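Novice: build me a model:
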Amino acid sequence: MIAGFRTVCLATVLALCACGSSSNAPPEGSPYSCPAVDASATCAVDGSSFVATIQPILAKSCLPACHDGSPDAAWPLTDYDDVQAWTTFVAKDILQCTMPPPQSGYPIKQSDRQAIMDWISCNGPP
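Specialist: The predicted model follows:
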């Protein structure tokens, strides 16, 4: 029941975030480039796993400045369970190009953003 609810919530967020051209654009006047990612709810079965694909992306673009689980950090993204708990927000931030913020100094490549979206679309396999 919870997994079904989570999937419906994620699909709703993805649909809402994908609407309109501004959802995949950086803030007005920003020098930050944020190419669009495919927000379709189709699971691309490519063998992506959290450990092999997602964890390294998070380690270089999300953990160093904000999501390392320290007391002063924003919500943690340090392990599979943490990320599973926040997939709806991660998807929204990836689609809206709000994370990582350009001023953080930890850019994320379009291919890494797409890998995260594909992994979420596949219900986040471990």
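Novice: name the SS class of Ser111, please.
Specialist: Three-state call for Ser111 (DSSP: H, G, I helix; E, B strand; the rest coil): helix.
Novice: ok, Ala74 - contacts?
Specialist: Shown in contact with Ala74 (C-beta atoms under 8 Å, 6 or more residues apart in numbering): 66-67. Glycine gets a C-beta too; all of them are placed from N, C-alpha and C.
Novice: what about it, which helix or strand?
Specialist: Of the helices and strands defined by DSSP states H and E, none includes Ala74.
Novice: so how many other residues sit close to Val83?
Specialist: Residues lying near Val83 (other C-beta atoms under 10 Å) number 23.
Novice: so Ser104 makes contact with Cys66?
Specialist: Yes: Ser104 is within contact range of Cys66, at 7.2 Å (criterion: C-beta atoms under 8 Å).
Novice: between those two, tell me which one has more neighbours.
Specialist: Remark: of Ser104 and Cys66, Cys66 carries more neighbours, 19 against 14, as counted by other C-beta under 10 Å.
Novice: per-residue confidence at that one?
Specialist: Per-residue pLDDT puts Cys66 at 88.
Novice: relative to Ala74, how far out is it?
Specialist: Separation of Cys66 from Ala74 (C-beta to C-beta, to the nearest Å): 5 Å.
Novice: now do Cys122
Specialist: For Cys122, the distance to Ala74 - C-beta to C-beta - is 25 Å.
Novice: same question for Asp68.
Specialist: Applying C-beta to C-beta to Asp68 and Ala74 gives a distance of 9 Å.
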